[in-house]
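>>> I'd like to go over a predicted model; first the sequence, then the structure.
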Amino acid sequence: MQKSSLEGLNEKQKEAVITTEGPLLVLAGAGAGKTKTIAERIRHLVRQGVTPSSILAITFTNKAAKEMRERVDRMLGEDMSLNRPVSMSERPFVSTFHALGVHIIKENASRLGLNRHFTIFDKDDSKRAVKEALEKNNLDPKTHDPARIVSIISKEKGRGVTELDYKDRSDKGFFSDIVESVWAEYEKILRRDSALDFDDLLLKTAKLLKTNTEVRKHYQNIWKYVHIDEYQDTNGVQYEISKLLIGSEKNICVVGDIDQNIYSWRGADIKNILDFENDYPGAKIILLEENYRSTKTILDAANAVIEKNTVRRKKTLFTSNSLGDKIGIFQGFDESSEAEFIATKTEALIKSGLKPENIAVLYRANFQSRILEEAFMQHRLPYQMIGTRFFERKEIKDILSYLRASLNPECLSDIKRVINIPARGIGKTTVVKLFTGLQENLPTATKKKIDQFYELLGEIKKFAEKNPPSKTIQFIIRESGLETLWKENKGEDLERLENAYELAAVSERYDELSPLDGVEQLLSDSALQSDQDELSDKKIGVKLMTVHASKGLEFDVVFVSGLEDGLFPHQKITKENISKGEAEEERRLFYVAITRARNKIFLSYAQVRMIFGQREVNIPSEFIFDIPEELTEEVTFDTDNAWKKKPLLEIPFD
């Protein structure tokens, strides 16, 4: 007999599933089964007769979108109560916000004056373009950091501000005037290259939906039921897109957790979820508080930590899981002893039978990773450092630039990147003349080399139009001369060749699509990847990552390192002029860290730590003292690695 779609759900989850009409806010605590609830809600809608393709589900990372898409597809494929299987073309549209933007922009490229194969600039591309914009304004990139300017432009675009909006503002100072002039030149470079940056994917989408009634109505008519996950992380533009996609029926279901809002630094606005009832009068609110992930001890600690925040809706996590172990707290003399503790304890856990991939080491700031990585290497422990992205490697970007340039020859940035890789005798002076229309002044031999390069791009395009993406990547590696170059050399070049072959293997997942659709999806996904996209079930090892990167993940054992006042909470919030919102976000970040654990948590800190070349004496983080003492135990180890446990000693705290 076919199971009911409500089986296996608790009462609150069932309520969220069957509430299908009108606005709905689901406040889902950590580990409360929100992904399962959204997927079951989609299946319930289809069972009620809703056309699958009229359902939209948006989340924030490629990894989350992939997991959601696979779960929904599996549910609908296995559901015998449906009259017929759901085909690929009919299935719900499950996507990230940025991938949704790519989809809408590609379908309306001509309206926006774009090549359908427009290039997506990642952060490195944007930095290079801003550096070029600085130089064109006779400004020194060494004096005016391109990364800082990119960050300012990105944050403004995330708020819905365009270059012209920024120019018209009257509250600007000296540096803002520099940003204004650089931003104007930066936009010219984007137009020259038929390119959009990461933030344009949202900003252009929002502007199009807002200003073009026909386009807006078109998508409102397609997607009658809209689901948005991690709603607390939406910025101004994402919030606007969400509202613009909702038709007159107001069938919007947003899922989020105020207590896990940790991205204000990149534009996330907690007011979006707090004001949901004002935006959608009559909205239903459902709280998911039953946690299926963690032990009672971990949840008691999490509840004690987060209840000190005032900007939230009261929510108390509970579970039917066991009480579990106490939270271990380790005090090291310095960062080396802290790292040695984590590596030694990890080694013991692995020897006891725990899989390395079920262990995570979290830290507040990236610089903390160095000493931890050294300790893991000394102990010969398998680990994976999350944050070094595959698609950001030089050799991978070179191959993808060949592909992008073949489809979009207008992108001078891609042409410039690969025109002399491998070396073809085309120097910087030649490139300048080529880009400024002076190629007729070049020697005949040089012109021939340039013509051969463009012929290669033409061959790549023809091949890409008829062959699967994985074969196209192999074609580029071979025909560009990169394979020969890397085979001739040893050491690092062999590693580059291995990475190139890995790109071809990765591309196989797009081979099921038509050739050009597959290539476009590959290029979009490579540009829109996040830290979590580096995670792989095939890669064995303890995961080392920032707390921010860990959001949405779970592990059996979690180490949270560097719990010192000034580091976690971060020093930026210990200043007298910090806002209440900044202080509460650090507490939410710690809440996210401890709720990643299923069974055991170790919190550690160092009495002395080297930061920016200075040895600093530390006091423990206030967050440690927010956890009731009866839930913790101090953990130490001697030189023989014999573990000892004793009650946590009271530590003076000012």
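Thanks, I have the structure now.

>>> What about residue 367, how many residues nearby?
Neighbourhood size, residue 367 [other C-beta atoms under 10 Å]: 14. The way it works is simple: take the backbone N, C-alpha and C, and place the C-beta from them, glycine included.

>>> Could you number the chain from 12 rather than 1 from now on?
Shifting the count to begin at 12 puts that one at residue 378.

>>> Which residue, other than its chain neighbours, is closest to it?
Counting by C-beta to C-beta, 6 or more residues apart in numbering, residue 622 is the residue found nearest to residue 378 once chain neighbours are left out, at 7.7 Å.

>>> Show me the shaky parts of the stretch 112-261 of the chain.
181-184 (pLDDT under 70).

>>> how about the helices in it?
Assigned by DSSP state H, counting those that start in this stretch, the helices in the stretch 112-261 of the chain fall at 134-147, 157-169, 174-179, 185-203, 211-222, 224-233, 247-256.

>>> Now render those helices as a markdown table, adding distance to residue 56 and mean neighbour count.
Putting the helices of the stretch 112-261 of the chain into a markdown table (distance: least, C-beta to C-beta, whole Å; neighbours: other C-beta atoms under 10 Å) gives the following:
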| stretch | distance to residue 56 | mean neighbour count |
| --- | --- | --- |
| helix 134-147 | 37 | 20 |
| helix 157-169 | 31 | 19 |
| helix 174-179 | 38 | 14 |
| helix 185-203 | 39 | 17 |
| helix 211-222 | 23 | 21 |
| helix 224-233 | 15 | 14 |
| helix 247-256 | 16 | 21 |
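
>>> now for those helices, which one comes closest to residue 440?
helix 134-147 (16.0 Å; C-beta to C-beta).

>>> for that closest one, packing partners?
Using 3 or more C-beta pairs under 8 Å, 6 or more residues apart in numbering; DSSP states H and E as the contact test, the elements touching helix 134-147 are helix 157-169, helix 185-203, strand 206-208, helix 423-429.

>>> now with 10 Å?
In this structure, helix 134-147 packs against strand 130-132, helix 157-169, helix 185-203, strand 206-208, helix 405-418, helix 423-429, with contacts taken as 3 or more C-beta pairs under 10 Å, 6 or more residues apart in numbering; DSSP states H and E.

>>> Dump the ones you listed to a markdown table, plus distance to residue 222.
Written out in a markdown table, the entries for those read as follows (distance: least, C-beta to C-beta, whole Å):
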| stretch | distance to residue 222 |
| --- | --- |
| strand 130-132 | 22 |
| helix 157-169 | 16 |
| helix 185-203 | 18 |
| strand 206-208 | 17 |
| helix 405-418 | 28 |
| helix 423-429 | 28 |
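
>>> Ok, which of the ones you listed comes nearest residue 475?
When these are compared for distance to residue 475 using C-beta to C-beta, the nearest one is helix 405-418, at 6.6 Å.

>>> Please state the offset of stretch 161-170 from the chain centre?
Shown here is stretch 161-170, whose average C-alpha point lies 17 Å from the average C-alpha point of the whole chain (C-alpha atoms, centre = their mean, to the nearest Å).

>>> Now do the residue nearest to residue 378: how many residues are near it, please.
The number of residues packed near residue 622 is 17, by other C-beta under 10 Å.

>>> and it, what is it in contact with?
The neighbourhood of residue 622, defined by C-beta atoms under 10 Å, 6 or more residues apart in numbering, consists of 346, 376, 378-379, 573, 575, 577-578, 582, 629.

>>> From those residues, list the buried ones, please.
For those, a burial check counting by 16 or more other C-beta atoms under 10 Å picks out 346, 379, 573, 575, 577-578, 629.

>>> of those, closest to residue 352?
Taking C-beta to C-beta as the measure, residue 352 lies nearest residue 346 of these, at 10.6 Å.
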